[in-house]
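Engineer: Predicted model and sequence below, questions to follow.
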Amino acid sequence: MSHTRDLQGGKAFGLLKAQQEDRLEEINKVKGESKGGQGLREGDPGPGDLSFLLLSPPPQQQFLDDPKYSSDEDLLSKLEAFKKKYMEFDLNGNGDIDIMSLKRMLEKLGVPKTHLELKKLIREVSSGSGETFSYSDFLRMMLGKRSAILKMILMYEEKAREQEKPAGPPAKRDISELP
């Protein structure tokens, strides 16, 4: 039984995540910082397989130029946070979140869903195309005004992280503070 794939993690996994971050960073670049403000083209060289990024214009520029999203404060910081979140859930690094990645993500958040519910979520996010959704679909969902179930779940997770309970013994009270 010979395996053609190296299933070892560590350094290879670190390189995979670094390439994935570079690809998503290309999407998140500001128009003035990208190659002459023109984005990626099919002939442009890049690390790994960039076939999912060969959009014209890049998704991030769509959001920066779109008047619908211009009212969002700190759009660039939101895009950076969404990039980190997307990288966390794109387990295989192919640029798409599939049904198993979504299932694992929701189980991690404590909201397990059935297979049919997961398919419905993916159809809602990806506009009914396929069984995966791309980074552009993810950005459209997270920045869009439409209330998606997945968006509410992810925002709930962020709020739960922000409200950490204080550690240690409770503060001593005065008699005047008692009911």
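Structural biologist: Happy to help now that I have it. Numbering: from 1, shown residues only.
Engineer: Which secondary structure elements does the longest helix anywhere in the chain sit against?
Structural biologist: Longest helix of the chain, by residue count under DSSP state H: helix 11-28. Here helix 11-28 touches helix 59-65, helix 75-89, helix 135-143, going by 3 or more Cβ pairs under 8 Å, 6 or more residues apart in numbering; DSSP states H and E. Heads up, the C-betas are built off the backbone N, CA and C, glycines and all.
Engineer: I'd like the mean pLDDT over the shortest one, please.
Structural biologist: Translated: helix 59-65. The pLDDT scores in helix 59-65 average 59.
Engineer: I'd like the mean pLDDT over the longest helix of the chain, please.
Structural biologist: Helix 11-28 comes out with an average pLDDT of 76.
Engineer: report the angle between the axes of it and helix 75-89?
Structural biologist: 150 degrees (axes from the mean of the first three to the mean of the last three Cα atoms, to 10 degrees).
Engineer: hang on, the earlier thing: deepest of the helices and strands packed on helix 11-28, which one?
Structural biologist: Of these, the one with the most neighbours on average (mean count of other Cβ atoms under 10 Å) is helix 135-143, at a mean of 21.
Engineer: so where is this structure shaky, pLDDT-wise?
Structural biologist: 1-9, 27-72, 127-129, 144-153, 155-164 (pLDDT under 70).
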